[in-house]
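> Here is a sequence with its predicted model. Questions after.
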Amino acid sequence: MYAPRSILALVSSVLLLAANTRAQEGQSVPLGYGVSDDASYYVHGLTSETPDPGMLAFERALGKLVASGIHEDLFNLATIEMSAEQRQRAKATFDHMIDLCGLVDWSLLGEREIVFAYKMAMPMPEYVMLARVPEDQIKAQVAGANKLLAEFAGMIGSEMSSLREIELESGQLQALEINGAPMQMTVGSIGDVLIFSSSSRMAVAAVNMLGRGDGRGSLVQTERYRSALEQLPKATEATIYIDVGGIFEFLNQALLIGKASAGNGNSQQAEMLNLMTAIFTEMDVCRQILITSASDGQSMTSAALFEMQPGYEDSKFAQLFANQQPWMGWTRYVPADASEFYFDSGLNFSGLCDMGIQIAKDNLREPAIPVMVMTQMRDQFLSNLSGESAYVMLPAMADGCPLGEMLAFWRLENSEGVLRGTERMLEGVADLLAQRGQEMDFVAGEDSLELVLPAFPWIRPTLAIRDGCMVIATSPAALAKVDRVFAGEEASIRSREDFAELGIGNGKDASYLGYGHMDSGMEGLANLASAAGFFMSLMPEQKDTLVAIKMGAVLTKLAPALREMQMSFDWGTEILPSEQPNQIMSRTVYRYR
């Protein structure tokens, strides 16, 4: 029985569309020509000669997991309540399904090139997957796919399903239709392209468009796709497209149907649908997202373009992000040994409240309380936030928090009196805790407040005003360290070679900047899983312990797979303005150590 290999290949081909494919030069018809221009989501998977190490580690882990036979343990766990006879019948069905997966060599789907797409549709989405396979294997794989479909039809029964062949000029398809089900499981081929789809419509369109070979009607030949793609680096790993505007349009149509079925406009259901419609209508200003990724074997770089619809300027949603200003001089806040940080120009919090207030007034029968709450939040708190925020993570310090340090920053429109107001609030909290037998004190400095909580002696939260920002630090030591960097008395993150190698944060106009120095930490998790699995397997076999004993076998086999994913890497992200005012560009880099 070849179950482990077939499961691995099947799962790998579905999960790793963008990780295990190899493009061939000289192909006359791009595979993307087989996806129509109404697709909601599209992935074109490629693999360079230097694939992404992170995805390779995931693939190794998946292979080790499947080879361990963990699927048998999961079956035993799932059928633990069954009688011996029931389990035997279920095992026969389970083994048969596993064998059916082996009718197609799923690993071939990832050898050359693969495309996956779906379209939002009623009553359920439609999917299509196109894969180039070696020409000498295409007939065998089509035959295997057809047999797989026939086996499924036999299991369902002729009274509930039917198989039909679809003859086309350029290719062949076979569809399994299930009575009453809004889908047609369809398989087939054109040339060296293997086709799987939940919709005969999408499969037929793919064959016809690939047969024409001119790209007419395809997503990748539309002006919106091509103009966006021209602004991004060339993909060597994957290209991902999301029709954000189309998805929100579909959701709004679905909500209209829901509202019509709700009947009475005063019902609670209709009121909720009205709220959702109003929110989606505001967000309908989003148009599309396009992402390309490339790897050089040591690092993985993804670039993304987010585009708004024409006329976005009039949208309340778009105005939440309008006029974002870059956080200047951000390196002054980040010590050289920081493990993670981000700086975000943020959004207009007052505008967010205003949008919520208007939506509540327009769509709620009794908007008074929600409007009052949001108005108070805006006037008493949010109106003083500029929208800019940041946080910095630091290693544990001898005189600080033993679990590591964190500082959070919020830029204020007016910082005058904020500390004193916070002090008065803390006095009230301290009085309340004292009435309940708890202690809380604070030390008020000229520009800081240090909380003392005897119940948590390992943390001393400190509030301060720095450079027009409200700062909350986990200890005075963390705040003092950042103060030294700000004053130029201690090195900043700029001095770190691993940060410099990411190549981010070099411009002055980034509206978002993030960084992390990461160790995946899977070794500790793997040790925990294997130890737990070992001791669970030693439990006395009783009715109440059978689940734990079976779970022990699962955890023991999970541990080696987790160890395969033990990795160290640095990542960085920056969001930059595009040449077009209705576009935003982002760039993310993963560099493996």
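Received it, and whenever you're ready, just let me know what you need. Numbering: from 1, shown residues only.
> Which of the helices and strands in the protein ranks last by mean pLDDT?
In the chain, the helix or strand scored least confidently by mean pLDDT, DSSP states H and E is helix 3-15, which has a mean of 37.
> and the next element down the chain from it?
strand 41-45 (DSSP states H and E).
> residues making contact with the helix or strand containing A408?
If you go by DSSP H and E, A408 is part of strand 405-412. For strand 405-412, the external contacting residues (C-beta atoms under 8 Å, 6 or more residues apart in numbering) are 333, 346, 384-397, 418, 465-466, 468-475, 477-479, 481-482. C-beta: built from backbone N, CA, C; applies to glycine.
> Drop anything exposed from those.
Among the contacts of strand 405-412, the ones that count as buried by 16 or more other C-beta atoms under 10 Å are 333, 346, 384-394, 397, 465-466, 469-475, 477-479, 481-482.
> In strands, which of the residues you listed fall?
385-394, 465-466, 469-473 (DSSP state E).
> what angle separates the strand holding A408 from strand 469-473?
160 degrees (axes from the mean of the first three to the mean of the last three C-alpha atoms, to 10 degrees).
> strands paired with strand 405-412, and their directions?
Here strand 405-412 is paired, per DSSP bridges, with strand 385-394 (antiparallel), strand 469-473 (antiparallel).
> which stretch among those strands comes nearest T239?
strand 385-394 (31.9 Å; C-beta to C-beta).
> Now the closest one: average pLDDT?
In this model, strand 385-394 has a mean pLDDT of 88.
> Pull the residues that contact it.
For strand 385-394, using C-beta under 8 Å, 6+ apart, the contacting residues are 324-325, 327, 330, 333-335, 337-349, 404-413, 469, 478, 481-482.
> re earlier: possible to save the strands paired with strand 405-412 as a markdown table with distance to L109?
A markdown table is the format used below for the strands paired with strand 405-412 (distance: least, C-beta to C-beta, whole Å):
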| stretch | distance to L109 |
| --- | --- |
| strand 385-394 | 40 |
| strand 469-473 | 50 |
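> nearest to G245, of those?
strand 385-394 (25.0 Å).
> Where do the strands of the stretch 1-150 of the chain begin and end?
Ranges of strands in the stretch 1-150 of the chain, per DSSP state E, counting those that start in this stretch, are 41-45, 113-119, 126-132.
> Kindly reformat the ones you listed as TSV containing mean pLDDT.
Converted to TSV, the strands of the stretch 1-150 of the chain look like this (pLDDT from 0 to 100):
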stretch	mean pLDDT
strand 41-45	94
strand 113-119	92
strand 126-132	93
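> To A304, which of the ones you listed lies closest?
Here strand 41-45 is closest among these (C-beta to C-beta), at 13.7 Å.
> pull the CA atoms of the closest one into CSV?
The C-alpha atoms that make up strand 41-45 are tabulated as CSV, following Å, rounded to 0.1, in the frame of the first residue of the first chain:
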residue,chain,number,x,y,z
TYR,A,41,-8.4,34.8,-6.0
TYR,A,42,-5.5,33.6,-8.1
VAL,A,43,-2.2,31.9,-7.3
HIS,A,44,0.5,31.1,-9.8
GLY,A,45,3.2,28.9,-8.2
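> isn't S530 right next to A553, touching?
No: using C-beta atoms under 8 Å, S530 is not in contact with A553, being 11.3 Å away.
> quick one: contacts for L65?
Contacts of L65 (C-beta under 8 Å, 6+ apart): K557, L558, P560, A561.
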